[in-house]
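Novice: The sequence isn't on hand, but the structure is:
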Ligand code: ZN
Ligand code: MN
């Protein structure tokens, strides 16, 4: 085998559906799962003689993401027509932004391994409208549902700067977390709110000479898993193909492939990518968008601390593990619950455990989000305090967390009292019980004083006796201390 090294190079195109109430250029509702062709009007159906009107909210959402992606925001942008003929696009053109995207030259930080990040350049971010959906459900024909036609889509194009399937996935996950934090997209993969198109090729060094394999674009991926696996698959396939054919990148030999999820491989779709003739030209029916400083400031005011930054801060400020900090910052509402409970006096690690373990499990059991549980930061903080000061045991806190969902108006103290979960920590009271237990178990006391293996076992036995006498309500830490004092 010749001396050979290679690395995979991936750039990503991402379409993100923005969560506006109405479509990009008409008043139709954006609604997933509605009866086919029930959310349409002459504008999004592309009837002659109608005029589009820009959805201001969509523009603001898109600029907000571009700001979060550290893009340059031009004060003047315009709309362009991108012509193509397809059954799900009744106008025969898509309104998009060609030479003046609303954001350019930005970057995103992505987590790569334990606390380290990598900066990936963002070439551009622009706004456009979605097409409809062709349905191939029954019979020997297709149907078209135009409910999705005209839905606002933010297209983001990254630099070809990722070097593994894992990095590509990390960027996609980070972007999902970011747009959710900003409140501009539900970013629900199942509903197709995020679609990915990686461009992949290899840079190969063989016997001191550099080669680049032809670029392959994989179309329309809608899960993180498919995204990562298709990149990994392509990496190996291109290496094998290069070794077999020696074909390298040249003008016009870019190909398009699709991902076959069942067989876990990419399938050739278009052999040679022709230079597309989209006949872009400025959209005559829409006025250009001119931002003012005031408007841009208003949009900027909606920026928040972004998830990755927040995650890093939790590790430093609260000494949480990177993993825990990641779970807490997966959703903005979760991180806000955490921070408010900590501000109310809950110890950070306890609050974190209650949220990421107890309540997350309860949410999973109910197949709902943490927020939907309806728990308050006051409750979580109170519960955390009761564990820290020994009022209840850690295991009792899980019980209380579960019980709290039945009646959200009750405080953790009320629930603990009702269910006799408060630990007895009163030393005087416990000492009397300990004395009683010692008097009743002279054999065990003898074993303790004897030392050795028997010692440990006997101490455990005596502690168990005290717990039994108090119906499990004694604070085991206090009892152990009393036992140690009495037995030496
Ligand atoms: Zn419409
Ligand atoms: Mn696009």
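Specialist: Right, received. Where do you want to start? What you see is a predicted model; the values in this text were computed from it and never measured. Ligands and ions are numbered 1, 2, ... in the order given.
Novice: give me the beta-bridge partners of the closest residue to residue 271 other than its chain neighbours?
Specialist: Ranked by C-beta to C-beta, 6 or more residues apart in numbering and with sequence neighbours excluded, the top spatial neighbour of residue 271 is residue 255, at 6.2 Å. (C-beta placed from N, C-alpha, C; glycine too.) Taking DSSP bridges as the rule, residue 255 bridges to residue 216.
Novice: cool, and the one 10 residues further on?
Specialist: Going by DSSP bridges, residue 265 is paired in beta bridges with residue 260.
Novice: which residues touch it?
Specialist: 233, 237, 259 (C-beta atoms under 8 Å, 6 or more residues apart in numbering).
Novice: So for this protein, the centremost residue is which one?
Specialist: residue 177 (3.9 Å; C-alpha atoms, centre = their mean).
Novice: Quick check: the closest residue to residue 40 other than its chain neighbours vs residue 133, distance?
Specialist: Among residues not flanking residue 40 along the chain, residue 146 sits closest, at 5.1 Å (C-beta to C-beta, 6+ apart). Separation of residue 146 from residue 133 (C-beta to C-beta, to the nearest Å): 8 Å.
Novice: Give me the common contacts of those two.
Specialist: residue 88.
Novice: and residue 160, which of the three is it?
Specialist: Using DSSP: H, G, I helix; E, B strand; the rest coil, the structure places residue 160 in coil.
Novice: Ignoring the adjacent residues along the chain, who's closest to it?
Specialist: Using C-beta to C-beta, 6+ apart, the closest residue to residue 160 is residue 11 (3.5 Å).
Novice: okay, now the domains of this protein?
Specialist: Residue ranges for each domain of the chain read 4-294, 307-418, 427-487, as given by automatic domain parsing.
Novice: residues in contact with residue 248?
Specialist: Contacts of residue 248 by C-beta under 8 Å, 6+ apart are 211-214, 242.
Novice: swap the cut-off to 7 Å and go again
Specialist: Applying C-beta atoms under 7 Å, 6 or more residues apart in numbering to residue 248 gives the contacts 211-213.
Novice: again, but for residue 169
Specialist: So residue 169 contacts 224, 227-228 (C-beta under 7 Å, 6+ apart).
Novice: Same check on residue 458?
Specialist: 444, 447-448.
Novice: Most proximal residue of the stretch 151-300 of the chain with respect to ligand 1?
Specialist: The stretch 151-300 of the chain approaches ligand 1 most closely through residue 151 (9.9 Å), counting by C-beta to the ion.
Novice: Quick check, that residue in contact with residue 130.
Specialist: Yes: using C-beta atoms under 7 Å, residue 151 is in contact with residue 130, at 4.1 Å.
Novice: got any residues that touch both of those two?
Specialist: residue 17.
Novice: Those two: which is more packed in?
Specialist: More crowded of residue 151 and residue 130, by other C-beta atoms under 10 Å: residue 151, with 26 against 22.
Novice: For the more buried one, what are phi and psi?
Specialist: phi -70, psi 140 (degrees, to the nearest 10).
Novice: Pull the contacting residues for it.
Specialist: Contacts of residue 151 by C-beta under 7 Å, 6+ apart are 17, 23-24, 30, 129-130.
Novice: just these now: which is nearest residue 340?
Specialist: Relative to residue 340, the closest of the contacts of residue 151 is residue 17; by C-beta to C-beta it sits at 30.1 Å.
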